[in-house]
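Peer 1: Could you look at this predicted model? Sequence included:
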Protein chains: 2
Amino acid sequence: MPSPMLKRYLPVLDWGATYDRGAATDDLMAAVIVTIMLIPQSLAYALLAGLPPEVGLYASIAPLLLYGIFGTSRALAVGPVAVVSLMTATAVGQVAAQGTPEYYGAAMALALLSGLMLVAMGVLRLGFLANFLSHPVISGFITASGILIATSQLKHILGVTASGGTLPEMLGGLAAAAGDANLPTLIIGVSAAGFLFWARRSLKALLVARGAGPRLADALAKAGPVAAVAATTLATWGFGLQEAGVAIVGEVPGGLPPIGLPPMDLELWASLAGSALLISVIGFVESVSVAQTLAAKRRQRIAPDQELIGLGTANLGSAFSGGYPVTGGFARSVVNFDAGARTPAAGVMTAVGIAAATLFLTPALHFLPKATLAATIVVAVLSLVDLGALKRTWSYSRSDGAAMAATILLTLLVGVEVGVVAGVAVSIALHLRRTSSPHCAVVGQVPGTEHFRNVDRHNVVTTPDLATLRVDESLWFPNARFLEDRVLNLVAATPALKDLVLMCPAVNGIDASALESLEEINRRLKDAGVTLHLTEVKGPVMDRLKRSHFLDELTGRVFLTQFDALQALRPELAERTLRAPRVETLKGAAAG
Amino acid sequence: MPSPMLKRYLPVLDWGATYDRGAATDDLMAAVIVTIMLIPQSLAYALLAGLPPEVGLYASIAPLLLYGIFGTSRALAVGPVAVVSLMTATAVGQVAAQGTPEYYGAAMALALLSGLMLVAMGVLRLGFLANFLSHPVISGFITASGILIATSQLKHILGVTASGGTLPEMLGGLAAAAGDANLPTLIIGVSAAGFLFWARRSLKALLVARGAGPRLADALAKAGPVAAVAATTLATWGFGLQEAGVAIVGEVPGGLPPIGLPPMDLELWASLAGSALLISVIGFVESVSVAQTLAAKRRQRIAPDQELIGLGTANLGSAFSGGYPVTGGFARSVVNFDAGARTPAAGVMTAVGIAAATLFLTPALHFLPKATLAATIVVAVLSLVDLGALKRTWSYSRSDGAAMAATILLTLLVGVEVGVVAGVAVSIALHLRRTSSPHCAVVGQVPGTEHFRNVDRHNVVTTPDLATLRVDESLWFPNARFLEDRVLNLVAATPALKDLVLMCPAVNGIDASALESLEEINRRLKDAGVTLHLTEVKGPVMDRLKRSHFLDELTGRVFLTQFDALQALRPELAERTLRAPRVETLKGAAAG
């Protein structure tokens, strides 16, 4: 009987214990479909990362086996993905030249660092850090990356050489080189892309209309990229198109992935560490959100901290078997789920399929045109682009919209790393600025009730010698001083004031800085002849205030409810308002 | 008639318009006392900053004149202060060797940068940024700086040479050099320190007891450092103690401050920029807190954003007249206030007094022992040290205590810049971690009322098929996902559940990420056959939700109050509980 500790770290013990033939059959079916989808994708994403095509295959074997042991999602399909491949190219391109052994070595080292970081975060249970990547920032980043990736592939479709990492650089390079476009390449690229778009949109419906079962039709539609690869490879080989200038993949070494150490170069590690952290966090967030969505559909849960370990070991596996950084892919996981995958064993079977491909399929890839792989990438990533989300987010919240726009613009114009870091910084800064002035409202009693609401929005009962300020936020150092200002302004504006009540239903905490401010407020009100009372102080906050001297110094009292306070301080008014008829109190245009 | 714009930026137009002979007399009296206090202090703080003594005097002339024009505090005494002098020594010591013209130039450049940053922050109204320095961090930093500064002066009192920036380095250096202590120096230093401690504690009371008026007694007590300076200078000159190894100040150039540019070296500026920012912010925070305290005593207000401009121009003035970074001093401002200063004109008069000192007093400073200046510093800074605050803060709040302890330890062991940056980082990180799980409570109706409270702390009425979760915090990206978890766990633990009510009295905002989470919660509850309702949604939040599709998709309703919801959803229960007798509901040990 495995211990709970062991089960936490080895989820395979959990699902493996009840694994049966039914699950195996479902998993196998899903694995076949995912393998067919993954072969062209892994070649294409390796190209996007600036690595030899077989590296994409290597990154689709060991990581899947390890995720199968350590991962908690039943449907997540791990392997090379577009955004992480782009980030790998950016990071590794800063320390080595593409095509050199150093470049490949750095990509492996990046996977190693990313794996170590993910495992460390998992063991330290730091999964909550991913929450600081807000939804608009992730969504903006994915959209911008999709645009960048699609643009970066246009050179392969045109058959020209062009470089550049930002959108303006790439567009400039393409414009300058467009005259040199190679017609056969262009024909292959455009027709492959056209076919793939069509297959994605209409092939399944067509096959169903022709009488195929929906599941078979789906599988065949998913095989579109394989068909495009086969057709263009055959055409290139048959017509000798490489002689006409069509760039081909060329010699792909066959055989299982090489097992070996990535470069153990501390200086290299130091220069890759920042990028590795970004890749880890982005990969984790993407992965977890798709895993959670799929788990919820079957009323399952995933364990985010264990997911860090699952993805971390997957990356370590990639690093030691000639691969590069991997994570859970969105589209591929959805396919895996829809195809019926029930356990991570589907991933293990996929890994076996890819391993078979490395053994037997590589000679067939020699004449595969790069334009076809580029078309595969373009079609895959354009589905990630959702510029409409920017409009929706902006109309809901200006600050979220601003964070999203900053992420998109900086990713496109400066680069992926700057884009995502700036997005996170903007989100946190906007939030901190917002929380530095605490939400407060002067409230009065709603006639006919014991309820108190904002005087600015409701017709409520107040009296000039008693004011109630409802504090709508926890009090801590960035907003403590604003509360002082707010109270002193209120006192200055209300000459008849005798009692000031701070209503604290939303105050979940008062830190040491805010305690200082409250003491200061109490002192200054005392000098001004105003008594300070507190109401609706939460239990834990009250417990803590008792540990300070504040309650001894407080000039007034602490009441359980705001109505209790009014009953004690202005009993006639409280009772009269309570007995008044209950009416709609919302003011003017705010009503509704 | 000056425009309000002009009045905002030139507070002198405000107080200057009503300036009269009475105010001038009071200001003059205060200026005399502050000048007497400032002369030895400015020499001593220049020594602490590693600068020639006359630089301290220069930094006490132009800055005071400019603050008089641009500052808003009536009592703040600007000039060299201990903590900023230590920070200057640290910052400048990284780019130049003490005693070289480059060192002095860098100190001026630091004042220039600090001035530019403060003015820019003032114009951009970024004063709120200072709120991110929490009270425990500031207090810990001041305490640790006081210890560092006092320790750094012991070498002058022992008459040895020792170096080092951290507490262990300094103590090690002192221990190694203690054998070389110079006896005459030690006698001067210890007796000066002893006299100053005594003067600070007991001289005023003694003079009052001997029949002096309290104001005169106070002024005489404040002149203690001047007396120490005069006595030890005379003794050194009379007995030729410099021959016996007593280090003296030596030749001090006379005359008004040299007007000129600080070094315009962009590379130097870049390496000083971080330190300048820290010095600006720390100086501003110290200054504003003393200015606010003093203003409140006379029911005046200060304008923090204009204070940035006042302190900024003061530093620019220092930079262009041979000075170094300045700010408002705590002790000196209190003395200025107590001595009756009514307007910033007192500062202008002080500047005239210091200018007179540069013209006529410098020859008299030749034989002033450095040990006396060191004693002045030690006595001044030890009053800043408050280690008891650490205990008080820790007992009130572990996380505030941790931030304070980190600030103190890192300042002592690594340095002032690391200490304060780490303190701020720890404060913000602890707060972000805390806010990443939103405070929530399941609530029930308090018998006899329309009030709802936490079921864990109160005996309240609930029903198994309706649960109310009160959300006690605004919903935003770092805590949105935790709310999903909390709701799904609640639903899983309550099989009979039909209605889930989210009570939102404390939700001041829902950002785009949290909106996604709410939509997700609504969808998942719908699948589970549970209806989701909202109550007590604030007006502005409701207005914003109306701009999204959430309210169309919401399976349940939105109620004005929680009691309305219960009346509509479970009318019998609501009425029965309302008519029940009202009793004390607090549970067990939590009562009180």
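Peer 2: Okay, I see it. Residues are numbered from 1 along each chain as shown, chains lettered A, B, ... in the order given.
Peer 1: mind checking how far the residue most central in space within chain A is from B:E267?
Peer 2: The centroid of chain A falls nearest to A:V285 when counting by CA atoms, centre = their mean (3.9 Å). The spacing between A:V285 and B:E267, counted by CB to CB, to the nearest Å, is 40 Å. Yep, even glycine has a C-beta here, placed from its N, CA and C like the rest.
Peer 1: Can you pull the phi and psi angles for the residue nearest to the centre of chain A?
Peer 2: Dihedral angles of A:V285 (phi, psi; degrees, to the nearest 10) stand at phi -60, psi -50.
Peer 1: who's in contact with it?
Peer 2: Contacts of A:V285 were listed using CB atoms under 8 Å, 6 or more residues apart in numbering or on different chains, and they are A:130, A:133, A:138.
Peer 1: Make a ChimeraX selection of whichever of those turn out to be buried.
Peer 2: To isolate the buried members of the contacts of A:V285 in ChimeraX, using 16 or more other CB atoms under 10 Å in any protein chain shown:
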select /A:130,133,138
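Peer 1: filter the contacts of A:V285 down to the ones near chain B?
Peer 2: Among the contacts of A:V285, the residues within reach of chain B (CB under 8 Å from any CB of the partner chain) are A:L133.
Peer 1: just the contacts of A:V285 now: which is nearest chain B?
Peer 2: A:L133 (7.8 Å; CB to the nearest CB).
Peer 1: so how far is chain B from the nearest residue in space to that closest one that is not next to it in sequence?
Peer 2: Distances taken as CB to CB, 6 or more residues apart in numbering or on different chains place A:V285 nearest to A:L133, at 5.1 Å, with adjacent residues excluded. Counting by CB to the nearest CB, to the nearest Å, the gap between A:V285 and chain B amounts to 11 Å.
Peer 1: Please apply the same query to A:A402.
Peer 2: From A:A402 to chain B the distance is 11 Å (CB to the nearest CB).
Peer 1: Am I right that that residue falls within a strand?
Peer 2: No. Checked against DSSP: H, G, I helix; E, B strand; the rest coil, A:A402 lies outside a strand; its state is helix.
Peer 1: In this structure it contacts A:A425, no?
Peer 2: No. Taking CB atoms under 8 Å as the definition, A:A402 is not a contact partner of A:A425, at 11.9 Å.
Peer 1: more neighbours, those two?
Peer 2: Of the pair A:A402 and A:A425, A:A402 is the one with more neighbours under other CB atoms under 10 Å in any protein chain shown, namely 17 against 13.
Peer 1: Show the contacting residues for that one.
Peer 2: A:394, A:426, A:430.
Peer 1: mind redoing it with 6 Å?
Peer 2: Residues near A:A402 by CB atoms under 6 Å, 6 or more residues apart in numbering or on different chains: none.
Peer 1: cool, A:V55 as well?
Peer 2: A:46, A:324.
Peer 1: Which pLDDT does the model give it?
Peer 2: pLDDT, A:V55: 95.
Peer 1: just A:E251 next, same as before
Peer 2: Reported pLDDT for A:E251: 86.
Peer 1: and it, how many neighbours?
Peer 2: 12.
Peer 1: what do you get for A:G173?
Peer 2: For A:G173, using other CB under 10 Å, the count is 18.
Peer 1: Let me know the helix or strand that it is in.
Peer 2: helix A:167-177 (DSSP states H and E).
Peer 1: quick check, A:Y19 in a strand?
Peer 2: No. Counting by three-state DSSP, A:Y19 is not part of a strand but coil.
Peer 1: Please report how far it lies from A:L490.
Peer 2: Applying CB to CB, the value for A:Y19 to A:L490 is 67 Å.
Peer 1: what's the answer for A:T143, then?
Peer 2: Taking CB to CB, one finds A:T143 at 45 Å from A:L490.
Peer 1: what about those two, which has more around it?
Peer 2: Each of A:T143 and A:L490 has its neighbours counted (other CB under 10 Å); A:T143 has more, 23 against 16.
Peer 1: And the more buried one, which helix or strand is it part of?
Peer 2: helix A:135-158.
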